[in-house]
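> coords please:
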Amino acid sequence: MTPRGLVIGAPRSGSGKTTVTLALLAALRRRGVATRAAKSGPDYIDPAFHAVASGAPVLNFDSWAMPPPLLDHLAAEAAAGAAVLIVESAMGLFDGVAGPAGRTGAAADLAARLRLPVLLVLDVSGQSQTAAAVARGFATHDPAVAICGVVLNRVGSERHRLGATVAIEAAGLPVFGALPRDPALTLPERHLGLVQAAEHPDLPALLDRLADRAEQHLDLDAILRHAAPLAGTAPFTTALPPPGQHIALAADAAFSFVYAHLIEGWRRAGAEIARFSPLADEPPPEHCDVCWLPGGYPELHAGRLASATRFMAGLARFAQTRRVHGECGGYMALGQGIEDASGVRHAMAGLLGHETSFARRKMHLGYREATLLTDSPIGAAGMVVRGHEFHYASTIDPGEDAPLAALRDAAGHSLGTAGGQRGRVTGSFFHVIAPVDW
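All right, here's what the predicted structure looks like:
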């Protein structure tokens, strides 16, 4: 069976892409359709919701950070065993960065490369027939991107639905349904986006309600008919070589942001992933030869981390003989201390010299290209990798450690050096996705 797929796109963030994606995944799973999901762009939180709704692991696709052949490999992996693959766009469908065609980070790049049609989600609150002009613009903007139809979101009445639907269909696009306004279906958010799926108070019940709404208000059969066979796929391979044979991976509510394509690639290369919980005061397993502290929300759990004496002592002991690397939240935990939102300082591992503060917040957001200045679990000195930063914490004392990498933004502008390296310990706010030369 050849997997089929489609992209869920919209004009902007906040249009309801995630709601529609989860509703489709939950409704199709209820029908017994083998459905998988993927997320366009750098995002840790949406994929966790997709995974619960679909009952299967979820990968990220990123046309800026990932070389095109890697995208092909990941598309094949994401769709393996599925009847349909649903890819949720980040931001607006055509939103990305300046760059070569197909390498902008926009979800439209994925639709064009994988030849997937786009189901356009239009938030029609505050408009009616004008939505047809928006839909027509999307349909004609890029000949390589096919808009297969429209789902209306936040419809206020039957009259409202009918006005927008008639106008859009007159413009030549089918409307596959309309979801009414329903504040009860809004997902809770915090400073990096949605509250994590594992923390949602009643996610199964929410997914049931979303499946009900999809069955009531969307033409699921028509949506499935418009999904197209994936193009350009290839067998899965690893994006980065595993940093060790036995990898200790911190995994709990404070350290949950790690890309599935990296973990799965390490496993397929023969590495063992041993998860442990710093919040449960667990040290890195002694049999491991490298420790990886992912990003997450250490600022929300700084007090518990500071009092996790077994974890802190075990991490320090581990770092005496083996490599330790921290990304974003993991990097914060490796420093001297974290100042929480109330301005209270909590001592951290002290394996690097910097101090960070969540009380003095500033958003840092964007793609990054990093040239490694020293050997680390990411790779050897001189290696160039791509990824991103997304955090609100500020560095209030940089310390005196040697830098880990020289950074550039997506436009190629130098951002100076970043991160730190001391002995066998490295870290930075930068999240790695894939190497440039692959």
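> so Glu400, which of the three states?
coil (DSSP: H, G, I helix; E, B strand; the rest coil).
> is it true that it touches Leu352?
No: between Glu400 and Leu352 there is no contact under Cβ atoms under 8 Å: 9.9 Å. Any C-beta I mention is one placed from the backbone N, CA and C, and that applies to glycine too.
> Low-confidence ranges, the protein, go.
Low-confidence segments of the chain (pLDDT under 70): 1, 187-200, 232.
> Domain parsing of the protein, as residue ranges.
Taking automatic domain parsing as the reference, the chain has its domains at 4-229, 246-435.
> Of all those domains, which one comes closest to Pro235?
domain 4-229 (6.2 Å; Cβ to Cβ).
> so who does Lys328 touch?
If you look again at residue 328, you'll see it is Cys, not Lys. The contact partners of Cys328, taken as Cβ atoms under 8 Å, 6 or more residues apart in numbering, are Phe257, Pro294, Gly295, Gly296, Glu389, Phe390, His391, Ser428, Phe429, Phe430, His431.
> Please name the nearest non-neighbouring residue to it.
Gly295 (3.3 Å; Cβ to Cβ, 6 or more residues apart in numbering).
> From Ala250, how far off is the one you found?
Gly295 sits 10 Å away from Ala250, going by Cβ to Cβ, to the nearest Å.
> quick one: common contacting residues for those two?
Common neighbours of Gly295 and Ala250, using Cβ under 8 Å, 6+ apart, are Gly330.
> Would you mark the buried spots in whichever strand or helix holds Leu262?
Per DSSP states H and E: Leu262 is located in helix 260-268. Residues Ala260, His261, Leu262, Ile263, Glu264, Gly265, Trp266 are the ones in helix 260-268 that count as buried (16 or more other Cβ atoms under 10 Å).
> Equivalent analysis for stretch 287-303, please.
Using 16+ other Cβ under 10 Å as the test for burial, stretch 287-303 gives 288-302.
> what does stretch 222-242 give?
223-224, 226-228, 230, 233, 236-240, 242.
> Figure out the helix or strand that Ala214 lives in.
Counting by DSSP H and E, Ala214 is found in helix 203-217.
> still on that earlier bit, could you export the buried residues of stretch 222-242 to a markdown table, including columns for secondary structure?
What follows is these, written out as a markdown table (three-state DSSP):
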| residue | secondary structure |
| --- | --- |
| Ile223 | helix |
| Leu224 | helix |
| His226 | helix |
| Ala227 | coil |
| Ala228 | strand |
| Leu230 | coil |
| Thr233 | coil |
| Phe236 | coil |
| Thr237 | coil |
| Thr238 | coil |
| Ala239 | coil |
| Leu240 | coil |
| Pro242 | coil |
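> Which of these sits closest to Ile273?
Pro242 (9.0 Å).
> Arg386: what's it in contact with?
When contacts are counted by Cβ under 8 Å, 6+ apart, Arg386 touches Trp64, Ala65, Met66, Tyr367, Arg368, Glu369, Ala370, Val432, Ile433, Ala434, Pro435, Val436.
> What's the ChimeraX syntax to select whichever of those are buried?
One line in ChimeraX is enough to select the buried members of the contacts of Arg386, burial here meaning 16+ other Cβ under 10 Å:
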select :64,65,66,367,368,369,370,432,433,434,435
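> Restricted to strands, list the contacts of Arg386.
Members of the contacts of Arg386 lying in strands (criterion: DSSP state E): Tyr367, Arg368, Glu369, Ala370, Val432, Ile433, Ala434, Pro435.
> Looking at these, which one is closest to Pro377?
The closest of the ones in strands among the contacts of Arg386 to Pro377 turns out to be Val432 (Cβ to Cβ; 9.5 Å).
> Between Glu400 and Leu352, which has more neighbouring residues?
Counted by other Cβ atoms under 10 Å, Glu400 and Leu352 do not tie: Leu352 has more neighbours, with 28 against 10.
> thinking again about what came up before, report the buried residues of the helix holding Ala214.
Those would be Leu203, Leu206, Leu207, Arg209, Leu210, Ala211, Arg213, Ala214, His217, for helix 203-217 by 16+ other Cβ under 10 Å.
> In JSON lines: the residues you listed, plus distance to Pro100.
Below are the buried residues of helix 203-217 laid out as JSON lines (distance: Cβ to Cβ, whole Å):
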{"residue": "Leu203", "distance to Pro100": "39"}
{"residue": "Leu206", "distance to Pro100": "40"}
{"residue": "Leu207", "distance to Pro100": "39"}
{"residue": "Arg209", "distance to Pro100": "43"}
{"residue": "Leu210", "distance to Pro100": "38"}
{"residue": "Ala211", "distance to Pro100": "40"}
{"residue": "Arg213", "distance to Pro100": "40"}
{"residue": "Ala214", "distance to Pro100": "37"}
{"residue": "His217", "distance to Pro100": "40"}
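> Closest one to Arg4 out of those residues, please.
Closest approach to Arg4 among the buried residues of helix 203-217 (Cβ to Cβ): Ala214, at 18.0 Å.
> how about the strands of the stretch 301-438 of the chain, start to end?
In the stretch 301-438 of the chain, the segments counted as strands under DSSP state E, counting those that start in this stretch are 323-327, 337-339, 345-347, 355-357, 364-372, 384-391, 394-397, 405-408, 414-418, 420-422, 425-428, 431-435.
> other SSEs contacting the fourth one?
Put plainly, it is strand 355-357. Secondary-structure packing of strand 355-357 (3 or more Cβ pairs under 8 Å, 6 or more residues apart in numbering; DSSP states H and E): strand 337-339, strand 394-397.
> Sheet partners, orientation included, of the first one?
Applying DSSP bridges to the sheet, strand 337-339 is found paired with strand 345-347 (antiparallel), strand 355-357 (parallel).
> in which helix or strand would I find the residue of the chain most remote from its centre?
For the chain, the largest distance from the centre (Cα atoms, centre = their mean) belongs to Arg159, which lies 37.3 Å off. For Arg159, the host element (DSSP H and E) is helix 158-170.
> got the contact list for that helix?
Helix 158-170 is contacted from outside by 122, 124, 127-129, 131-132, 135, 150, 152, 155, 175, 178, using Cβ under 8 Å, 6+ apart.
> make it 6 Å
Val124, Ser128, Gln129, Ala131, Ala132, Ala135, Val150, Leu152, Val155, Val175, Ala178 (Cβ atoms under 6 Å, 6 or more residues apart in numbering).
> Which parts of the stretch 1-150 of the chain are strands?
Ranges of strands in the stretch 1-150 of the chain, per DSSP E, counting those that start in this stretch, are 4-9, 35-40, 59-61, 84-88, 118-123, 147-155.
> In CSV: these, plus mean neighbour count and distance to Arg310.
Putting the strands of the stretch 1-150 of the chain into CSV (neighbours: other Cβ atoms under 10 Å; distance: least, Cβ to Cβ, whole Å) gives the following:
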stretch, mean neighbour count, distance to Arg310
strand 4-9, 26, 44
strand 35-40, 26, 35
strand 59-61, 24, 33
strand 84-88, 26, 39
strand 118-123, 25, 47
strand 147-155, 24, 48
